[in-house]
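Visitor: Return atomic coordinates for the entry below.
(one chain, ligands or ions: 1)
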Amino acid sequence: MGRRGLGVDVGGSGIKGAVVDLDVGALIGDRYKVPTPRPSTPDAVADAVKEVVSHLAWTEPFGATFPGAVIRGVARTAANVDAGWVGADIETLFGQATGLAVTALNDADAAGMAEVAFGAAKEQQGLVVVSTLGTGIGTALVHRGALIPNCELGHLEIDGRDAETRASAAAREREGMSWEKWARHLERYYRAVEDLLWPDLFVIGGGVSRKADRFLPLLHLRTPVVAAHLRNEAGIIGAALMAGASSQRAPQ
Ligand code: BGC
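Guide: Numbering: from 1, shown residues only. Sure thing, here's the model as predicted:
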């Protein structure tokens, strides 16, 4: 039997977990999902994470994502979850709730590492920007396989607005935008990113990447763009991959 890990992906609408085959980057068995509690306070979310972990009968260290900047296990921003998260120690909270050791990282960083290890950015030598289009816009910067964590490029200011308020998948749905209209916002956004970073590749993920054929052909960019392979599972797979690996904690 190969190496296994557990990944739990905490999002604004759902908390999803699964056991992952770390040799191939695929889920083993079913994904278990519970709705994100409302309000999504740290204690309520920790209870939900506990439910996911117990349901999957996991008893070893695991990885968890968080939809905000995470530094040494602590949440530093909370754009799409309860403001009470800012300053909360995710690893300690989830660790106490489950009795297990936890490695916490930003959700897009987890997705980025999964795409690099197993997905659309595998074997890419240069700088890859993986973005997840969902409730917000998550971004991960990976250079030659090394993650530069917590780049919050979803909040670039474009035409006076926080980019994710126009170019996220949620913005398209909320405002009933056509694919063409949304693609114009996306193009504007990715052009700003490529002008600043000169990446070798954009990987676009999030649930909406399932419909990549509706909007990728509409994007005219200097940088090659591909749809993520792991889609909504990338966060889970990346969290499992990073569990215990390189906790971003400084040596004590
Ligand atoms: C947050 C990011 C997160 C992204 C996707 C943004 O609003 O600031 O940290 O990765 O949403 O959840």
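Visitor: Report pLDDT for Gly2.
Guide: Confidence at Gly2, expressed as pLDDT, is 83.
Visitor: ok, how many other residues are close to the closest residue to it other than its chain neighbours?
Guide: Ranked by Cβ to Cβ, 6 or more residues apart in numbering and with sequence neighbours excluded, the top spatial neighbour of Gly2 is Asp23, at 4.0 Å. No exception for glycine: its C-beta is placed from N, CA and C like everyone else's. For Asp23, the neighbour count with other Cβ atoms under 10 Å is 11.
Visitor: I figured Asp23 hits Phe118, correct?
Guide: No: counting by Cβ atoms under 8 Å, Phe118 is not a contact partner of Asp23; they are 9.6 Å apart.
Visitor: tell me, what's touching the two both at once?
Guide: Residues touching both Asp23 and Phe118 (Cβ atoms under 8 Å, 6 or more residues apart in numbering): there are none.
Visitor: pLDDT of stretch 155-163, averaged?
Guide: 97.
Visitor: Pretty sure Leu186 sits against Arg214.
Guide: No: Leu186 is not in contact with Arg214 according to Cβ under 8 Å; the separation is 11.3 Å.
Visitor: and the two? which has more neighbours close in?
Guide: More neighbours surround Leu186 than the other of Leu186 and Arg214, with 26 against 14 (other Cβ under 10 Å).
Visitor: Can you give me the buried ones in stretch 153-163?
Guide: Within stretch 153-163, the residues that qualify as buried by neighbour count (16 or more other Cβ atoms under 10 Å) are 153-154, 156, 158, 162-163.
Visitor: Show me which residues of this structure are close to the ligand?
Guide: Residues of the chain that fall close to the ligand, judged by Cβ under 6 Å from any ligand atom: 67-69, 77, 79-80, 106-108, 132, 134, 136, 138, 152, 154, 164.
Visitor: Sort out which one of the residues you listed lies nearest Val208 for me.
Guide: Using Cβ to Cβ, Gly134 is the member of these that lies nearest Val208, at 7.5 Å.
Visitor: if I look at Gly207, how far off is Ala97?
Guide: 27 Å (Cβ to Cβ, to the nearest Å).
Visitor: More neighbours: which of these two?
Guide: Between Gly207 and Ala97, counted using other Cβ under 10 Å, Ala97 has the larger neighbour count: 20 against 13.
Visitor: just to revisit the earlier point, tell me which of the residues of the chain next to the ligand fall in strands.
Guide: Counting by DSSP state E, these place 106, 132, 138 in strands.
Visitor: Report the spatially nearest residue to the last one, omitting neighbours in sequence.
Guide: Read that as Gly138. Ala108 (2.8 Å).
Visitor: Was I right to think that neighbour contacts Thr132?
Guide: Yes: counting by Cβ under 8 Å, Ala108 touches Thr132, with 5.1 Å between them.
Visitor: which residues are in contact with both of those two?
Guide: With Cβ under 8 Å, 6+ apart as the test, Ala108 and Thr132 both reach 138-139.
Visitor: what about the helices in the stretch 151-252 of the chain?
Guide: Using DSSP state H, counting those that start in this stretch, the helices of the stretch 151-252 of the chain run over residues 164-167, 169-174, 179-197, 212-215, 234-242.
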